[in-house]
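Trainee: predicted coordinates and the sequence they were generated for:
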Amino acid sequence: MIDTDVLVVGAGPVGLFCVHQLGIIGLKCEVVDNLDKKGGQCIELYPDKPIYDIPAIPECTGEGLTNNLIEQIKPFKTNFHLSDRVEEIKKENNNWLIKTIKGKEFKAFSIIIAGGVGSFEPRKFSVKECEKFEGKEILYSIKDKTIFKDKTVSIFGGGDSALDWAIELSSSSNVKLIHRRDEFRGAQSSVDKVKQLEKQGKVEILTQYQLSSAEGENKIKSIGIKHDDGSIKKIETDYVLGFFGLIMQLGPILNWGLNLDKKHIPVNTESYETNQKGIFAIGDICTYPGKVKLILSGFHEGALAARGCFKYARPDEKLRFEFSTTSKSIHERLGVKK
């Protein structure tokens, strides 16, 4: 059992800034996210795309914003439990008992849900035979690109992720880029680059094809792809990568006794607390009159939710507002030396 003041569900930008706000008021937290990296939508959907509406930052990328937020919370040495998901919660006296799908158990005074619009799960191939190869030779995200060196890699998809990985792996792997349409929907510069690589014989492009079968015993040996005209082509391959975007689902949150409004969680705007005392919701997943889905709005919500948690973690103490420019206690928590 891991004891903490607050469990934060979600490691996107809003969740990361909430960690900072909890830290500067002296509360400990643990963070759980079902993705394998910090950053949420910013990292999964648009790591290299420009963001123009972060205060005092005219332009930044999702990756750049995430990296800065991670740097900002370093002093608090927060534990992140990635590739995991909160499955069950239960109230016991003044604590929430939380269990994840990996069997980790937490005890916290409060829970802050910063899960975007729910948990992210990759869209998978619909071919049943794929299931036994998923997580081994059939992958929907890449953790270690070195495993593809000198291998045949079949990449499915027509967006930025498929194009970018086709370009990235073309120098060390035999790459086949397979898309169900003629036109790619990724950045034009990436489309142009892939077509240039095709002319150089470094990438084979197969359009109007979809996966129809996967063959092999203990590991994948070949796949079948079906053309729009009905013809089937067999390809020997070592790995299959699928980049079809993400499905966003509320998942187990549906079973937590929270009021819901069209897959969003209603909150008060004093502390962004839900109908369940001690459970707060911030970011895209929460709703209230006048809600604007901006990252900066989520930062504001996280700051107030963090302070709302204080009364549950320290019921005998009064939280005194302090400016970070002058507060000695905040400077100590941040490790500021003067």
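Mentor: It's in.

Trainee: drop to CA atoms for contacts and neighbour counts, all remaining ones
Mentor: Fine.

Trainee: quick one: residues contacting the spatially most central residue of the chain.
Mentor: The chain has residue 40 as the residue nearest its centroid, 3.0 Å off, counting by C-alpha atoms, centre = their mean. Applying C-alpha atoms under 8 Å, 6 or more residues apart in numbering to residue 40 gives the contacts 10-13, 116.

Trainee: any weak-confidence spans in the stretch 1-150 of the chain?
Mentor: Across the stretch 1-150 of the chain, the ranges flagged by pLDDT under 70 are 45, 117-120.

Trainee: ok, which stretches of it are strands?
Mentor: In the stretch 1-150 of the chain, the strands defined using DSSP state E, counting those that start in this stretch lie at 2-9, 29-33, 50-51, 60-61, 79-82, 86-92, 95-100, 105-113, 119-122, 138-139.

Trainee: quick one: residue 240 and residue 148 touch, right?
Mentor: No: using C-alpha atoms under 8 Å, residue 240 makes no contact with residue 148, being 10.3 Å away.

Trainee: between the two, tell me which one has more neighbours.
Mentor: Neighbours per residue (other C-alpha atoms under 10 Å) separate residue 240 from residue 148, with residue 240 holding more: 23 against 16.

Trainee: wasn't the more buried one part of a strand?
Mentor: Yes: according to DSSP: H, G, I helix; E, B strand; the rest coil, residue 240 belongs to a strand.

Trainee: quick check, pLDDT for it.
Mentor: As predicted, residue 240 sits at a pLDDT of 97.

Trainee: quick one, what contacts it?
Mentor: Neighbour list for residue 240: 137-139, 153-156 [criterion: C-alpha under 8 Å, 6+ apart].

Trainee: among those residues, name the buried ones.
Mentor: With neighbours counted by 16 or more other C-alpha atoms under 10 Å, the contacts of residue 240 contain buried members at 137-139, 153-156.

Trainee: output the residues you listed as JSON lines; include the columns distance to residue 229.
Mentor: Below are these laid out as JSON lines (distance: C-alpha to C-alpha, whole Å):
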{"residue": "137", "distance to residue 229": "28"}
{"residue": "138", "distance to residue 229": "26"}
{"residue": "139", "distance to residue 229": "27"}
{"residue": "153", "distance to residue 229": "24"}
{"residue": "154", "distance to residue 229": "21"}
{"residue": "155", "distance to residue 229": "21"}
{"residue": "156", "distance to residue 229": "18"}
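
Trainee: out of the residues you listed, which is nearest to residue 96?
Mentor: Using C-alpha to C-alpha, residue 139 comes nearest to residue 96 of the buried ones among the contacts of residue 240, at 35.2 Å.

Trainee: gap between the residue lying closest to the closest one once chain neighbours are set aside and residue 165?
Mentor: Counting by C-alpha to C-alpha, 6 or more residues apart in numbering, residue 241 is the residue found nearest to residue 139 once chain neighbours are left out, at 5.0 Å. Residue 241 is 9 Å from residue 165, where distance means C-alpha to C-alpha, to the nearest Å.

Trainee: what of residue 130?
Mentor: 21 Å.

Trainee: what of residue 280?
Mentor: 38 Å.

Trainee: and if you look at residue 123?
Mentor: Residue 123 is 17 Å from residue 165, by C-alpha to C-alpha.

Trainee: more neighbours: those two, which one.
Mentor: When residue 123 and residue 165 are compared on other C-alpha under 10 Å, the one with more neighbours turns out to be residue 165, at 17 against 14.

Trainee: ok, now which ones touch the more buried one?
Mentor: Residue 165 touches nothing, counting by C-alpha under 8 Å, 6+ apart.

Trainee: one more time with 10 Å
Mentor: By C-alpha atoms under 10 Å, 6 or more residues apart in numbering, the contact set of residue 165 is 142, 145, 155, 175, 177, 241, 243.

Trainee: okay, these in JSON lines with distance to residue 194 next?
Mentor: Putting these into JSON lines (distance: C-alpha to C-alpha, whole Å) gives the following:
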{"residue": "142", "distance to residue 194": "19"}
{"residue": "145", "distance to residue 194": "18"}
{"residue": "155", "distance to residue 194": "12"}
{"residue": "175", "distance to residue 194": "11"}
{"residue": "177", "distance to residue 194": "9"}
{"residue": "241", "distance to residue 194": "16"}
{"residue": "243", "distance to residue 194": "16"}
